[in-house]
Structure formats: structure tokens, C-alpha cells
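K.L.:
structure of the sequence below:
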Amino acid sequence: MLTEYFPVLLFLVVSAIVGVALIVIGNLLGPKRPQADKGSPYECGFEPFQDARMRFDVRYYLIAILFIIFDLEIAFVFPWATVFGKLGLVGLVEMGMFLSLLALGFVYVWKKGALEWE
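P.N.:
Numbers count the residues shown, from 1 in each chain. Below is the predicted model:
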């Protein structure tokens, strides 16, 4: 029974060897010319004007979470669209319910003002 897992073990060992080898080769053969410009912080072409540990507004994270949610929506809609002909009316109704729930959540977030920036 363990012989069935040998290809998986072999794959893990080879991938670990390749990963470590690439890191070692990069450190040995890579350029080592430290300069002040390379070590300085870079922020959109400007010198940094505030502390890097400043607090972000919660809305920043809310927008990021909303992006992930609606990005996942597309991840579910695309495979559904490829097999839509085979699913028939039941698939259409289920996807309609899924999209309506997502739309309802979007309207709720919109009405709460979570998408408004000052």
C-alpha cells in the first residue's frame, strides 16, 4: 500500500531539492552590490512621509474583502457558464439564487455606506 505513495514522496523530495538549489544558486551567483538607493524605502516615487506602522482605515480592509468576495463569485460563475447547457432549468435557478444573494449583500454594503470614501 505504501508503494502507491512513492510517486508523491518522490515529487516532494525533488521539489524540495529544486527549491533549495535555486535559493543556494541565487545566493552564490547573484549580484552583491549593496547601494544606498537599493536599501532605501520606496513609496510611489516619493520619499516616505509617514511612519510605516501607521494605522489604516478599516474601510481599506473592507474593500479588500469585498474584492475577494466578488472575485470568488466570478470563480463560481465561469465553470457554471461552461456547463450551462447540461444543467438546464435547475442550474439556472440555483445560480440565480446565488447571484441574487450576492447582489443583496452588495446592496446592503452599499446602503451601509461601506463603499463611501471621504
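K.L.:
show me where the chain has its helices.
P.N.:
6-29, 36-39, 58-82, 84-112 (DSSP state H).
K.L.:
for the protein, what helix or strand is lowest in average pLDDT?
P.N.:
The weakest-scoring helix or strand in the chain, judged by mean pLDDT, DSSP states H and E, is helix 36-39 (a mean of 70).
K.L.:
the helices of the chain: lowest mean pLDDT?
P.N.:
Across those, helix 36-39 has the smallest mean pLDDT, namely a mean of 70.
K.L.:
so how far is that helix off the chain centroid?
P.N.:
On the basis of C-alpha atoms, centre = their mean, to the nearest Å, helix 36-39 sits 29 Å off its chain's mean C-alpha point.
K.L.:
buried ones in that helix?
P.N.:
Across helix 36-39, burial judged by 16 or more other C-beta atoms under 10 Å covers no residue at all. Every C-beta, even on glycine, is put in place using the N, C-alpha and C of the backbone.
K.L.:
same check on stretch 99-107?
P.N.:
Buried residues in stretch 99-107, counted by 16+ other C-beta under 10 Å: residue 102.
K.L.:
output it as PDB, nothing but the C-alphas.
P.N.:
Coordinates of each C-alpha in stretch 99-107 appear next as PDB, following Å, rounded to 0.1, in the frame of the first residue of the first chain:
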ATOM      1  CA  LEU A  99     -26.200  35.700  -7.700                       C
ATOM      2  CA  SER A 100     -29.300  37.300  -6.000                       C
ATOM      3  CA  LEU A 101     -27.800  36.600  -2.600                       C
ATOM      4  CA  LEU A 102     -24.500  38.200  -3.600                       C
ATOM      5  CA  ALA A 103     -26.400  41.200  -5.100                       C
ATOM      6  CA  LEU A 104     -28.400  41.500  -1.900                       C
ATOM      7  CA  GLY A 105     -25.100  41.600   0.100                       C
ATOM      8  CA  PHE A 106     -23.700  44.200  -2.200                       C
ATOM      9  CA  VAL A 107     -26.800  46.400  -1.800                       C
END
